[in-house]
Structure formats: structure tokens, C-alpha cells
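Enquirer: quick one: sequence plus predicted model below, questions after.
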There are 2 protein chains.
Amino acid sequence: MCIFCQIVKGEIPCNKVYENDEFLAFHDINPKAPIHILVIPKEHVEKFQDTTPEMMAKITPFIQEIAKTLELDKRGYRLIVNNGDDGGQEVMHLHFHILGGTKLTWPQLAPDESKKYL
Amino acid sequence: MCIFCQIVKGEIPCNKVYENDEFLAFHDINPKAPIHILVIPKEHVEKFQDTTPEMMAKITPFIQEIAKTLELDKRGYRLIVNNGDDGGQEVMHLHFHILGGTKLTWPQLAPDESKKYL
């Protein structure tokens, strides 16, 4: 079973930020910024390319609420979805990265530079 | 007036990919990957944090369609929204970056490395 489905079922632990019936937000175990949260639908959806308008309509206020709770709404944050192989998607269960807590470079710090946040 | 609103009105040119009544997709003038498209709502919305569920429900299939047209759906792509100051948002009109055409690093190539795509 997919690792994020196992996290949803509680079979693998996570550092949870917030959840409701449909979505779960938790800290990335390999953070690329001082704040690095993953937001997932509890239902298994593989990619952003497969998501429905209905799901996006529901997950958007959830993401906005997480940003507000973490006080990222005023300072700002970056939202990223890696879709498929070229996008660098590592877990094939749709997830949104919320990155913040510092002024992010554009496009983004290379992996070596990001080590200072670990 | 905001530069993206001027692009929508045709007062500033852009290298257009596709548009419909509500959304416009065009090539980023400073690409960070072989393919780098910006998708914007024609209506001025400042940030992702301000978007409505309705808008996200409509822009999602538009983004998916652009990805398909550019044949990014199979190889993959990265979708990014920079929200506010810490997120590195440079134009205060909501825009989604679609990045693809190569296997993207995670989090992403640093600006110097990305020069090879220019």
C-alpha cells in the first residue's frame, strides 16, 4: 500500500498539523525550508493531473487555513505540486508542499543549500 | 495597472499558449526550465491565499489541459504558486508556474544552475 495511505490509516506515524474528514496536513520528514508541510487528500489520488475540480475546490480553503494557522498568510509561502517523473514526484499520492518560514529564493534553493534548514 | 492585467488587455505583448474567457497561459519571459508557462486568471486576484474554491475548480482543468497540450501530462511537470513576500511572488497577480521539459531536481535548480536553460 502507498506510504501516504498508510499514514492516513495511522499505520505509519506522522507529525500531524491538522486534519478533517477529507484531508491531512503533516510535517515533511525531509524539510526543504524552516516550515515544510505536506497536504494530502485522504482518498488515494495519484497526481495533480488526475484531480477533479471538486477536490481542488475543497482542498484550497484547507490549504489556506493551514497557512493561516501557521501564520504564513501574512509573510508568504510557496505552494508546490510535483506531478509525475519530470516533476520529481517521489510518492505517487497527490501532495501539496507548503514551504515557508524564510524568504525563499526563486526558483528555490538547491538541495545542498537547503541543508542549513535540517 | 498591474503588468499581468496589462497583458490580459493586450497592452503588453506575451507569447501566448492558450486562453479562454477566464484564463490565460503564456511563456515566462525568464524561464527556469525548458518549458515554463504562467497561467493566470484574467480577473485580478492578488494571491493564492485570496482565491476562491470556485476559481480553483475552474482553473484546475485549464492547467491540466495546458499540460496535456504541451505533452507534459505523461513525462510530468511541477506546478508552483509563490504566495506573498516569503514565497518570492514577484507580480502581485495570482499566477501558476508550470515547469517541465526536463527532470527537475528537488526542491529545484538554484538560479545559477538554471541559466543553462536560458
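Expert: Arrived safely.
Enquirer: wait, what's in contact with A:L79?
Expert: The neighbourhood of A:L79, defined by CB atoms under 8 Å, 6 or more residues apart in numbering or on different chains, consists of A:I63, A:F96, A:H97, A:I98, A:L99, B:F48, B:I80, B:V81, B:N83, B:G87. Backbone N, C-alpha and C define where each C-beta goes, glycine included.
Enquirer: go on, A:L94?
Expert: With CB under 8 Å, 6+ apart, A:L94 has these contacts: A:I40, A:P41, A:V45, A:E46, A:K47, A:F48, A:D50, A:T51, A:V81.
Enquirer: what do you get for A:G76?
Expert: By CB under 8 Å, 6+ apart, the residues touching A:G76 are A:G100, B:N82, B:N83, B:G84, B:D85, B:D86, B:G87, B:G88, B:Q89.
Enquirer: assign the spatially closest residue to A:N82 that is not a sequence neighbour to helix, strand or coil.
Expert: For A:N82, ignoring the flanking residues on the chain, the nearest one in space by CB to CB, 6 or more residues apart in numbering or on different chains is A:Q89 at 4.2 Å. Secondary structure of A:Q89, reduced to three states by DSSP: H, G, I helix; E, B strand; the rest coil: coil.
Enquirer: wait, A:Q89 sits on A:Q49?
Expert: No. A:Q89 is beyond contact range of A:Q49, at 10.2 Å (criterion: CB atoms under 8 Å).
Enquirer: so what's in contact with these two at the same time?
Expert: Residues touching both A:Q89 and A:Q49 (CB under 8 Å, 6+ apart): A:N83.
Enquirer: max-length helix in chain A?
Expert: Ranked by residue count and defined by DSSP state H, the top helix of chain A is helix A:53-69.
Enquirer: list the buried residues for that helix?
Expert: The neighbour-count check on helix A:53-69 (16 or more other CB atoms under 10 Å in any protein chain shown) flags A:P53, A:M55, A:M56, A:A57, A:K58, A:I59, A:T60, A:F62, A:I63, A:Q64, A:I66, A:A67 as buried.
Enquirer: again, but for stretch A:3-19
Expert: Across stretch A:3-19, burial judged by 16+ other CB under 10 Å covers A:F4, A:C5, A:I7, A:V8, A:C14, A:V17, A:E19.
Enquirer: wait, doesn't the fourth one sit right on A:L38?
Expert: So the one you mean is A:V8. No. Applying CB under 8 Å as the test, A:V8 and A:L38 come out as separate, 11.8 Å apart.
Enquirer: these two touch, right, A:T105 and B:G87?
Expert: No. Contact between A:T105 and B:G87 fails when scored by CB under 8 Å: they sit 10.9 Å apart.
Enquirer: between these two, which has more neighbouring residues?
Expert: Per other CB atoms under 10 Å in any protein chain shown, whichever of A:T105 and B:G87 has more neighbours is B:G87, with 26 against 15.
Enquirer: who touches whichever strand or helix holds A:V17?
Expert: Following DSSP states H and E, one finds A:V17 within strand A:16-19. Applying CB under 8 Å, 6+ apart, the set of residues contacting strand A:16-19 from outside is A:L24, A:A25, A:F26, A:H27, A:I37, A:K42, A:E65, A:I66, A:T69, A:L70.
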